[in-house]
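*Asks:* sequence first, predicted model second:
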Amino acid sequence: MKARIYQPAKTAMQSGRCKTRQWVLEFEPTRRQRLDPLMGWAGNGDTLAQVQLKFDSEAEATAYAKRHGIEAEVRRPEMRQIRPKAYADNFNWQRREPWSH
């Protein structure tokens with residue numbers, strides 16, 4: 001079994017970072033999805049694709065994977081670069097681009 005361990009990214013629908021602190025162990029799909037001929041829904045018989053295990057730290061997730069014999073790939077998140085901005089910079093007379101409507 002193969003799995004990936006990662007920290008989920010912040011969604012575009014929220015401004016906070018609440019659900020991004022935990023680490024998620026998610027199994028990779030073993031089969032392709034197929035369309036149901038009657039309803040047209042996508043699905044497959046792989047129930048492990050529906051499982052998401054959440055851990056408080058990366059070490060706990062990798063220890064769980066080793067303990068259960070799961071080959072896991074760890075994807076570390078990229079660090080955010082916060083560029084400080086001020087509203088007054090929009091009206092600075094030394095601004096590089098012209099500001100107009």
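*Replies:* On my side now, so go ahead. Numbering: from 1, shown residues only.
*Asks:* Three-state assignment for the closest residue to residue 89 other than its chain neighbours, please.
*Replies:* Leaving aside its chain neighbours, residue 89 sits nearest to residue 95 (7.4 Å; criterion: Cβ to Cβ, 6 or more residues apart in numbering). C-beta here means a position set from N, CA and C on the backbone, and glycine is covered the same way. Per DSSP: H, G, I helix; E, B strand; the rest coil, the secondary structure class of residue 95 is coil.
*Asks:* and the strands in this structure?
*Replies:* Per DSSP state E, the chain carries strands over the ranges 2-6, 23-27, 34-35, 42-43, 52-55, 71-75.
*Asks:* counting by contacts, list what the second one packs against.
*Replies:* Based on contacts counted as 3 or more Cβ pairs under 8 Å, 6 or more residues apart in numbering; DSSP states H and E, the elements that strand 23-27 packs against are strand 2-6, strand 52-55, helix 58-67.
*Asks:* burial measure for the nearest residue in space to residue 41 that is not next to it in sequence, as a count.
*Replies:* Excluding its sequence neighbours, the residue lying closest to residue 41 (Cβ to Cβ, 6+ apart) is residue 35, at 7.2 Å. Neighbourhood size, residue 35 [other Cβ atoms under 10 Å]: 10.
*Asks:* surely residue 35 meets residue 44?
*Replies:* No: judged on Cβ atoms under 8 Å, residue 35 makes no contact with residue 44 at a distance of 10.3 Å.
*Asks:* relative to the least confident helix or strand in the chain by mean pLDDT, what are the paired strands and their orientations?
*Replies:* Each helix and strand of the chain was given a mean pLDDT (mean pLDDT, DSSP states H and E); the minimum falls on strand 42-43 at a mean of 85. When pairs are called by DSSP bridges, strand 42-43 turns out to pair with strand 34-35 (antiparallel).
*Asks:* check the offset of the strand it pairs with from the chain's centre.
*Replies:* Strand 34-35 sits 25 Å away from the centroid of its parent chain (Cα atoms, centre = their mean, to the nearest Å).
*Asks:* which of the helices and strands packed on strand 23-27 sits most buried?
*Replies:* By mean neighbour count, with neighbours taken as mean count of other Cβ atoms under 10 Å, strand 2-6 ranks first of the helices and strands packed on strand 23-27 at a mean of 17.
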